[in-house]
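Undergrad: model the following, please.
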Amino acid sequence: IALGFISGFTGKAIESGLNKNGIKTDFIELENGITRINVKIKSKEEVREMQHVFIVGSKSLGAYGGYETFVYKLTQYHQNNANIKYHVACKANGDGCMDETKLEGVTKISDSEFEFQNAHCFKIKVPNIGPAVAIYYDVAALKYCCEYIEKNHIEHPIVYILACRIGPFMEHFYNKIHKLGGKVYLNPDGHEWMRAKWSAPIRKYWKISEQMMVKHCDLVICDSVNIEKYIHECYDGKGINGKNPKTTFIAYGADTCKSVLSDDDEKLLSWYHEKGLTPGEFYLVVGRFVPENNYETMIREFMKSNSKKNFAIITNVNDKFLDELEQKVHYKTDSRIKFVGTVYDQELLKKIREDAYGYFHGHEVGGTNPSLLEALGSTKLNLLLDVGFNREVAEDSALYWTKGSGNLARLIENADQMSAAEFDKLGMKAKKRI
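TA: Residues are numbered from 1 along each chain as shown. Presented below is the predicted three-dimensional model:
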């Protein structure tokens, strides 16, 4: 039996690790402080102290959103890195909230905390206050981060904020985090103020908020060259004391190795049977059902085409959206249009991508979207909306369409007639690009 005193997340992690290895524990848990691991290994290289990184802005891990995919992959690839500890804010309720029961390998710490991929995840409850809920969520998550850092005496933390939603509150948190010895990093996302789902007053707020967020951060991390250029064009000379924002460009990546599932995998075949699909005989799209992703255009154009293939749509769309879509395009009259629900099994989703004849990508507001990178890494034929962000990512490894009437429909019909050589050439270019 392991005995002693423990406190904070590190103490709970030690207890959890011992229990996983079949070692009984009878620790005395203290309300304040944090367990410190003061083991030093003498070697030729100096052992670095652990870097704590707090991530605020994604709703969950692994859902259909750019940030959610990013956080899932970031923690997955770093889960065995002893020098980094991630702390990830997740929505406890409401649209896009975290449901950790759908993930394998979760260790429950409490009703509001769990560990996944060696990341400490904490859930933030939000009220039902419409569009303002996004602002409330980020503010509440940052407040939790500051309290956690202070309570557990975490040195030189990094607080990484995803998107520019809380500009009016940013000076306060910037000063607070600096007082705690930390730094603030920002990923500005794409042009949130251009998204069609927002009204004019809200778009104006997002633009002002973006300026305030860029001003009160130590580093702006851009996932697109175009976004980095935009940040400097708009905000040079507008930082604290008239400084230019400090930026860096870090490209997203994607996994190019094939799925571990075989063509005759029972789980795969069962999914195809349930959804009425055949490998190689369907186009695919994966993502959130929001206006600026142009689902309506893709569905309308596919219905205009003479393609004999199906169009499988993997998304978490709700009945209200489907009813509105039916009124606009009457998709239920076309049996080729198939809303197939969500797929959270990553290997199954990768295999479905590989089996798709082609992939549609209609994201109109940049920067770089992880679902496009995953498509380029797994699907040979990709048909993308012709905007600068998508061309920056895919270059000549994809085909492009516009929102003009009949444009995508004609491209689909041409794509259906592509030779195997053309098909394979695009696939090789896409993988090489990733």
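Undergrad: pLDDT of the helix or strand residue 17 falls within, averaged?
TA: Secondary structure from DSSP states H and E places residue 17 in helix 8-20. The average pLDDT for helix 8-20 rounds to 79.
Undergrad: next helix or strand past it?
TA: Beyond helix 8-20 on the C-terminal side, the first helix or strand identified by DSSP H and E is strand 25-29.
Undergrad: what strands line up against that following strand, and which way round?
TA: Using DSSP bridges, strand 25-29 pairs in its sheet with strand 2-6 (parallel).
Undergrad: residue 85 contacts residue 53, correct?
TA: Yes: contact criterion CB atoms under 8 Å: residue 85 and residue 53 qualify, at 7.2 Å. Where you see a C-beta, it was placed from the backbone N, CA and C, and this is true even at glycine.
Undergrad: buried ones in the helix holding residue 17?
TA: Residues 8-15 are the ones in helix 8-20 that count as buried (16 or more other CB atoms under 10 Å).
Undergrad: swap in stretch 67-84?
TA: 67-76, 78, 84.
Undergrad: now it, how far from the centre of its chain.
TA: Put simply, stretch 67-84 sits 12 Å off its chain's centre (CA atoms, centre = their mean, to the nearest Å).
Undergrad: how far away is residue 157 from residue 303?
TA: Residue 157 is 51 Å from residue 303, where distance means CB to CB, to the nearest Å.
Undergrad: meant to ask about residue 328
TA: According to CB to CB, residue 328 and residue 303 sit 11 Å apart.
Undergrad: swap in residue 131?
TA: Residue 131 is 31 Å from residue 303, where distance means CB to CB.
Undergrad: have a look at these two and say which one is more surrounded.
TA: Neighbour totals were compared for residue 131 and residue 303, and residue 303 leads with 17 against 12 (other CB atoms under 10 Å).
Undergrad: could I get the phi/psi values of that one?
TA: With angles defined as degrees, to the nearest 10, residue 303 sits at phi -60, psi -30.
Undergrad: quick check: closest non-adjacent residue to it.
TA: Distance criterion CB to CB, 6 or more residues apart in numbering; nearest residue to residue 303, sequence neighbours excluded, is residue 334 at 4.9 Å.
Undergrad: what's the local residue count around that neighbour?
TA: Using other CB under 10 Å, residue 334 is surrounded by 15 other residues.
Undergrad: tell me the confidence at the closest residue to residue 103 other than its chain neighbours?
TA: Counting by CB to CB, 6+ apart, residue 103 lies nearest to residue 116, which is 6.0 Å off, once chain neighbours are set aside. Residue 116 carries a pLDDT value of 95.
Undergrad: kindly report the same for residue 45.
TA: Here the pLDDT value assigned to residue 45 is 56.
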